[in-house]
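> Next input, structure requested:
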Amino acid sequence: MTATQTRPASPARGLIRAARPRQWSKNLLVLAAPVLSGQLDEGAVIAQTVVAFAAFCCAASGVYLVNDARDIEADRAHPTKRFRPVASGLVSTRTAYAAGSVLHVLALAIAVLAGWQLLVVTAVYLASSAAYSLWLKHEPVLDIALIATGFLLRAVAGGVASGIELSQWFLLSATFGSLFMAAGKRYAEVALDLTDPGLVRKTLSLYSPTYLRFVWTMSAGLLIMTYGLWAFELSAAAGGSTLFVASMAPFVLAVLRYAVSVDAGIAGEPEEIALRDRVLQVLALVWLCMVAGAVYLG
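Numbers count the residues shown, from 1 in each chain. Model prediction:
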């Protein structure tokens, strides 16, 4: 083999790539409830959170494989998606369907280890993903709601797996945060379609950039408001700890930093922004340290 030759990709490696392990970073949302509850230092909670993370990794990868098999013809006509393992023929549709189905079953089996509540949340995630793929991705507004639901269910999964009661403020913040990311994703796709027609689904033409800007601006404002009210409530419950209130600063800055990517139309893959933006990572780390200090040391 010469220096200019490369080893052809194997079906096994293609199958792994089709499962999109980089997307597993989204599943770190299962840590939200255990961290904020102050129980992540308990062995049982750690174990149940790991179970929730593993269940959602299997579930998400299974969804990607099945979707790629279903959308193979559309992907082959797409200028970039045609290089995906299934669309390129590296992984057969039969293999993708089989592997996806196995991962679905495995996700449910893993979820059972943490109790029936996590099983229900995982099953709802799989059902909503199927509804999105089969029908709702072509329905304006409902498609954004389903994308947001995927993020929200991850945050809920960590709580139900560990038996942690989820407060109304947690659910509101998680909901508006999920809607913010989902609307940002759609905004990026519409922006891409305006510059390179044909790169995204024609159904996105039903959205205007103005409407999507309204949605992600509204959800960002509600996210900041609900987190602020939650922070003041937690501060009062902790005897006036200032760290909860102070954590609003890096939180708001992180939202504004992510909004830069949304406004630029490059937030189509939220996990890519999180993995690539060093400033956003620093802000998230500062926020996490403040909250952890208030919860575990306060």
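
> When you work out contacts or count neighbours from here on, use the C-alpha atoms and nothing else.
Fine.

> For the closest residue to Arg82 other than its chain neighbours, give me its contacts.
Once flanking residues are discounted, Arg82 sits nearest to Arg76: 4.3 Å by C-alpha to C-alpha, 6 or more residues apart in numbering. Arg76 makes contacts with Arg82, Phe83, Ala87, Ser88, as judged by C-alpha atoms under 8 Å, 6 or more residues apart in numbering.

> swap the cut-off to 10 Å and go again
Arg82, Phe83, Arg84, Val86, Ala87, Ser88, Gly89 (C-alpha atoms under 10 Å, 6 or more residues apart in numbering).

> Poorly predicted segments of the stretch 51-200 of the chain, please.
78, 192-200 (pLDDT under 70).

> hang on, Pro140 packs against Leu204?
Yes. Using C-alpha atoms under 10 Å, Pro140 makes contact with Leu204 at a distance of 7.8 Å.

> Of the two, give the one with the bigger neighbour count.
Leu204 (17 against 14; other C-alpha atoms under 10 Å).

> helix, strand or coil for that one?
helix (DSSP: H, G, I helix; E, B strand; the rest coil).

> and it, what pLDDT?
Looking at Leu204, its pLDDT is 73.

> In terms of helices and strands, where is the residue lying closest to it once chain neighbours are set aside?
Counting by C-alpha to C-alpha, 6+ apart, Leu204 lies nearest to Val190, which is 6.3 Å off, once chain neighbours are set aside. In the assignment (DSSP states H and E), Val190 maps to helix 168-195.

> Repeat that for Tyr125.
Tyr125 is part of helix 116-134, with elements assigned from DSSP H and E.

> Pull out the buried residues from stretch 227-247.
227-228, 230-232, 234-235, 241-247 (16 or more other C-alpha atoms under 10 Å).

> Contact partners for Ala284?
Contacts of Ala284 (C-alpha under 10 Å, 6+ apart): Pro250, Phe251, Leu253, Ala254, Val255, Ala274, Arg278, Met290.

> if we can go back for a sec, run the chain-centre distance for the following helix or strand past the helix holding Val190.
As assigned by DSSP H and E, the chain's next helix or strand after helix 168-195 is helix 209-237. Centre-to-centre, helix 209-237 and its host chain are 18 Å apart (C-alpha atoms, centre = their mean, to the nearest Å).

> tell me what helix 209-237 is packed against?
helix 168-195, helix 242-246, helix 248-263 (3 or more C-alpha pairs under 10 Å, 6 or more residues apart in numbering; DSSP states H and E).

> okay if I get those as TSV plus distance to Leu136?
Output for the helices and strands packed on helix 209-237, formatted as TSV (distance: least, C-alpha to C-alpha, whole Å):
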stretch	distance to Leu136
helix 168-195	14
helix 242-246	39
helix 248-263	23
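
> what's the closest of those to Gly62?
helix 168-195 (20.5 Å; C-alpha to C-alpha).

> what residues go with each domain of this protein?
10-163, 167-298 (automatic domain parsing).

> Could you identify which of those domains is most buried?
For the domains of the chain, the largest average neighbour count (mean count of other C-alpha atoms under 10 Å) is found in domain 10-163, namely a mean of 19.

> export the contacts of Ala284 to TSV and tack on pLDDT and distance to Thr93?
Formatted as TSV, the contacts of Ala284 follow (pLDDT from 0 to 100; distance: C-alpha to C-alpha, whole Å):
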residue	pLDDT	distance to Thr93
Pro250	97	45
Phe251	97	43
Leu253	97	44
Ala254	96	40
Val255	96	39
Ala274	84	31
Arg278	94	38
Met290	93	47
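
> from the residues you listed, which is closest to Val121?
The closest of the contacts of Ala284, once distances to Val121 are taken by C-alpha to C-alpha, is Ala274, at 24.7 Å.

> Surely the closest one touches Leu280?
Yes. At 6.9 Å, Ala274 and Leu280 qualify as touching, with contact defined as C-alpha under 10 Å.

> anything in contact with each of those two?
By C-alpha under 10 Å, 6+ apart, the residues touching both Ala274 and Leu280 are Tyr258.
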